[in-house]
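[1] Quick one: sequence and predicted model below, then my questions.
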Amino acid sequence: MDIKKAEEFMTKLVKAGKEYGFEECEASFSAASSISMDILKGEVSNYENSATSTLSFRGLKNGQMGSCSTNRFDDESMEFLLKSAMENCDVLNDEDPQFIYCDENNKDLYYSQTTAAYEKNSYSSFRGLGLKLEKAILALDDRIDAVDYLSISCGRGPFLMINSKGLHSYRDSDGISLYAAARATDADGSVKSGGHYWVGKDIDDFDMDKFLDKFKDNLIGKMGAKSCKSGAYKVIFRNEAFQQFFSAFFGNFLATVMQRGLSLLAGREGEKIASDKLTLEEIPMFEKALTKIPFDDEGVLTTQKAIIDNGVFATALYDLKSANKAGIKSTGNGFRAGSAISEMPTNLVVRAGEKSLEELMGEAGDGIMLTDLSGLHAGVNSISGDFSLLCEGYLIENGKKGRPVEQITIAGNFYEIIKNIICVGNDIINIPAGEGEFFTPSVLVSQIAVSGDAE
Amino acid sequence: MFNDSDCLKILDCAMSTTADFAEVFQEVRESKSVSMLNGQVIRAGTSYDSGTGIRLIAGTNCVYVYSSDNDIDVLLKLARDAASAVKGGNKTQIEELKELCKTSKARVQIDPMTVSKGDYYEFLKQASDYALGYDPLITQFAGSIASGKRTSKVINTRGVNTEDTTQRIRLSLETIATKDGEKQSGRVAPGTMRGYEFINEYPVLDKTKECCDTALRMVNAGYAPSGKMAVVLSNGFGGVIFHEACGHALEATSVGIKNSYFTDMLGQKIASNLVSARDNAHIDGEWGSYATDDEGNPSSDLLLIENGILKNYLVDELGSRRMNCKPTGCSRRQDYSYSPTSRMSNTYICNGESNPKDIISATEYGIYCTQMGGGSVDTSTGDFNFAVNEAFMIRNGKIAEPVRGATLIGKGQEILKNIDMVGNDLEMSAGMCGSMSGSVPVTVGQPTIRVSSILVGGREA
């Protein structure tokens, strides 16, 4: 469905919505086109090409917001959308009002960040890069048996929204991602797997040497890993691991979660919840971010703010509904999940400290550096903050990186961990998360319980 | 949708270069849901979507294109693009289309799509009122009913012409207990391919009570110990451990590229003698069932392990080419936006002979896991981890105090060998499984089993 036709349909739909009995209503359209390629054993094992689109409708009646979605664009689907949304209004009994919004001074919102570089993405450019990369990975070390996954994909798409209050909002973006994982067998027959990823906007920005260095570290670095003794250790969450860990609990910083009594942070804005060393900001237009987000999916402009400011919980993230309930302004974090709105972060940035990763290890003396956490979708109680997670990493001995460790778990509580951060590194990396990316360095935590089965 | 002559035009176009196989997959899906929090309906959703996926295979290489636009011209253009990306292969003839084979494993008396959302609301409201009045420490109730119907059609160059309908409904009840700023939850989430009569017959207040009791026990519980110990896994969702630690490693997705620790092990002993296991998509009305898979093959009841010996892998079309064997009718996908691959359906460890009570009394010291959370596994190394949502210590053959915060970790290939008791109380439990072809409904199941030693990650030494 091309966007012009979609816009005509949406204009008609919004008009029909008012006539159908909605006080206010809104239509949104998102489309995505993508290319994706898998390389296996010197061949293109899978190639995908797609074009999809979705139309969502929301209508307000008696303070209740009914919504529904489809990918059909005809008269029959217009009737379906209106009727279903009205039925949903009738069954909802949410005591907190929702809003269809338009800022008088910002009726026309437009932000395009697709790039000409996107045109370089093609079957042949992906194939060329993929085959070269697979070869290079296999050449890294004799112990590497196979590159089991090597996937390159790109996508772009527009998001258009119009509503009965006069809002016309458009934004688009594009991006490329690459992921590779390989398997290696040690002299004793034990198998290890490891991988690395890259995200960017221009395929020519992919730095193969840099990627291979990290890839080698993530796979060959694990050879010979075994468990370690149980006990309380000083722990460094290496940058990726800290992103994984923090993201698993990020829901607690969302106003709706707090208002529903599902976050222990409810009512604690302004209080000290973490170590002085920790500052976490949301920077929607962060210069280094691949996707910049000037306004949210409710038509509210986004702003830069600290969420945790030197350990103090500065603000939660709000959309129009939760902000109204709290009696404040939306922070511009209302984003779409399906046809409903919920709070999501844009670009999150943990403020860097001064020490390099090596200096953090020096600071730790003896301990463990975690490089990868498993089972985050299951091994955490996001409400209580309790976690027990399978991890991999390295021992830290006399301030230096020691042997690799595996088959260990760390257990504790998120709220205690963020209080116990004693040092923040300067090795910032970016990982796609939420509506944007999460930028974080490594952090050193004073003590965590580790279970292992070594004597 | 579902226009045979259009599909044949697409196949023609797809086979215009050197592909040796092509397939058109079309689906229509509708859904409706109601979600409640503390008595208020905070979300009510409805959707209707359709789409087409076209797959071309040449040897073991695959090209997949898909679109939500079902216009024939759009699809023909995609098919042409796909054909131009095919490399290698031996061009074959398109066989004559067989007569349409329509199937379903849904056993529906009352169609959930025709039941009003008002009825969904009333059902959840009684659970909500009950939970919030149960104990002052129960502070939240969250519940939902979600129903969906999907009809999918497969036409391919071998003349396959099938249409399968699944219709599923899932109920979720969750209660949260709060004490001294701590929150713990209890949850049940049954799912079925039966109709709304399943909801009508469901013992909702008893189950809500169970959720409340779990949440209360856990909020008052101390932390689980850590270290290696005997672990008794109760029946039903305890089967997630088999699903993760063994099932995924039997899928052609990993076996076909020799990325599984069970590669080339057919006929070999991979588990304790006490273990037999099946993947059975045939069970009428079961959550993970289907009659025809997403490649148009009839589904099967597959014996995976018999008395510890590996008998079968789960094999899809592409896997069958890599492994030089027949597909087993297990190819699934979340929707048209995924190329299909080998997946599980209703996967379970078969009944053994022990009485569950005897399993507990035979265990001097260990942990009894009554509610499992999710988990994950790396099929190349066997590393797995599972969260335990509710557990009790076992001391001197008796169930002792409740404990929380435990995780089970280990290697899949080792744990199967360490199963030393298998109960006779097989039960099934619904879940969702995420893998390469998206998220699909699966059932896990097992009787009560004991594993002689697993590393428990807890907080207490």
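    That came through fine.
[2] tell me which element residue B:242 falls in.
    helix B:240-242 (DSSP states H and E).
[3] Contacts for whichever helix or strand comes after that helix next, please.
    Sequence order places helix B:252-255 as the next helix or strand after helix B:240-242, per DSSP H and E. Identification of contacts with helix B:252-255 by C-beta atoms under 8 Å, 6 or more residues apart in numbering or on different chains yields B:248-249, B:260, B:262-263, B:313-316, B:318-320, B:322-323, B:341-342, B:379-380, B:435-436. Bear in mind the C-beta positions are built from the backbone N, C-alpha and C, glycine included.
[4] what is residue B:47 paired to in the beta sheet?
    On the basis of DSSP bridges, residue B:47 is bridged to residue A:69, residue B:31.
[5] Now that it has come up, it's in contact with residue A:68, right?
    Yes. Taking C-beta atoms under 8 Å as the definition, residue B:47 is a contact partner of residue A:68 at 6.2 Å.
[6] So which of those two has more stuff around it?
    Set side by side, residue B:47 and residue A:68 show more neighbours around residue A:68, with 27 against 21, by other C-beta atoms under 10 Å in any protein chain shown.
[7] distance of that one from residue A:12?
    Using C-beta to C-beta, to the nearest Å, residue A:68 is found at 17 Å from residue A:12.
[8] now do residue B:5
    Applying C-beta to C-beta, the value for residue B:5 to residue A:12 is 32 Å.
[9] More neighbours: which of those two?
    For residue B:5 versus residue A:12, the count of surrounding residues by other C-beta under 10 Å is larger for residue A:12: 13 against 9.
[10] is it true that the more buried one lies in a strand?
    No. Using DSSP: H, G, I helix; E, B strand; the rest coil, the assignment for residue A:12 is helix, not a strand.
[11] Does the closest residue to it other than its chain neighbours belong to a helix, a strand or coil?
    Once flanking residues are discounted, residue A:12 sits nearest to residue A:78: 7.1 Å by C-beta to C-beta, 6 or more residues apart in numbering or on different chains. Put simply, residue A:78 is helix when judged by three-state DSSP.
[12] Now do the helices in chain A.
    A:3-20, A:75-91, A:123-138, A:208-219, A:239-248, A:255-259, A:320-326, A:357-364, A:414-419 (DSSP state H).
[13] will you turn those helices into a markdown table that also has mean pLDDT?
    Putting the helices of chain A into a markdown table (pLDDT from 0 to 100) gives the following:
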| stretch | mean pLDDT |
| --- | --- |
| helix A:3-20 | 95 |
| helix A:75-91 | 94 |
| helix A:123-138 | 97 |
| helix A:208-219 | 96 |
| helix A:239-248 | 96 |
| helix A:255-259 | 95 |
| helix A:320-326 | 97 |
| helix A:357-364 | 97 |
| helix A:414-419 | 96 |
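[14] Out of those, which gets nearest to residue A:341?
    helix A:320-326 (7.4 Å; C-beta to C-beta).
[15] Could you confirm whether that closest one reaches chain B?
    No. Contact of helix A:320-326 with chain B (C-beta under 8 Å from any C-beta of the partner chain) is absent, the minimum separation being 10.1 Å.
[16] Give me the contact list for that helix.
    A:96-99, A:101, A:254-256, A:259, A:298, A:300, A:318, A:329-331, A:334, A:341, A:343.
[17] rewinding a little: spell out which residues are contacts of both of residue B:47 and residue A:68.
    Common neighbours of residue B:47 and residue A:68 (C-beta under 8 Å, 6+ apart) are residue A:339.
[18] how many other residues sit next to residue B:114?
    Residues near residue B:114, counting by other C-beta under 10 Å: 8.
[19] roughly how far apart are it and chain A?
    13 Å (C-beta to the nearest C-beta, to the nearest Å).
[20] In chain B, which residue sits closest to chain A?
    residue B:457 (2.7 Å; C-beta to the nearest C-beta).
[21] beta partners for the nearest residue to that residue once chain neighbours are set aside?
    Nearest residue to residue B:457 in three dimensions, chain neighbours excluded: residue A:409, at 2.7 Å (C-beta to C-beta, 6+ apart). Under DSSP bridges, the beta-bridge partners of residue A:409 are residue A:390, residue A:451.
[22] So for residue A:409, what pLDDT did the model give?
    Looking at residue A:409, its pLDDT reads 88.
[23] what do you get for the one 4 residues further on?
    In this model, residue A:413 is scored at 92, pLDDT.
[24] swap in residue A:455?
    59.
[25] do the same with residue B:461
    On the pLDDT scale, residue B:461 gets 53.
[26] what are the ranges of the strands in the stretch 51-200 of chain A?
    A:64-70, A:108-112, A:144-163, A:168-185, A:191-200 (DSSP state E, counting those that start in this stretch).
[27] now do the stretch 301-450 of chain B
    Under DSSP E, counting those that start in this stretch, the stretch 301-450 of chain B gives strands at B:301-306, B:309-310, B:331-332, B:341-342, B:346-349, B:365-377, B:383-395, B:398-404, B:407-411, B:419-422, B:427-435, B:438-446, B:449-457.
[28] Pull the distance from the first one to the chain's centre.
    Spelled out, it's strand B:301-306. 17 Å (C-alpha atoms, centre = their mean, to the nearest Å).
[29] Could you tell me which residues of the stretch 201-350 of chain A lie near chain B?
    Residues of the stretch 201-350 of chain A found near chain B, taking C-beta under 8 Å from any C-beta as the criterion, are A:230-231, A:260-262, A:264, A:338-340.
[30] Let me know how buried residue 263 is, in neighbour terms.
    Looking at chain A here, since you left the chain open. Considering only other C-beta under 10 Å, residue A:263 is surrounded by 23 other residues.
[31] hm, I was asking about chain B
    17.
[32] Which residue is the nearest non-sequential neighbour of it?
    Distance criterion C-beta to C-beta, 6+ apart; nearest residue to residue B:263, sequence neighbours excluded, is residue B:255 at 5.3 Å.
[33] Can you give me the pLDDT of the one you found?
    pLDDT, read off for residue B:255, is 95.
[34] residues making contact with stretch B:349-368?
    B:224-225, B:229-232, B:234-235, B:239, B:242, B:274-278, B:388, B:391-399, B:403, B:406, B:421-426, B:445-450, B:456.
[35] Where does chain A get nearest to chain B, which residue?
    Closest point on chain A to chain B, by C-beta to the nearest C-beta, is residue A:409, at 2.7 Å.
[36] Double-check that residue against residue B:408; I have them as touching.
    No. Between residue A:409 and residue B:408 there is no contact under C-beta under 8 Å: 9.4 Å.
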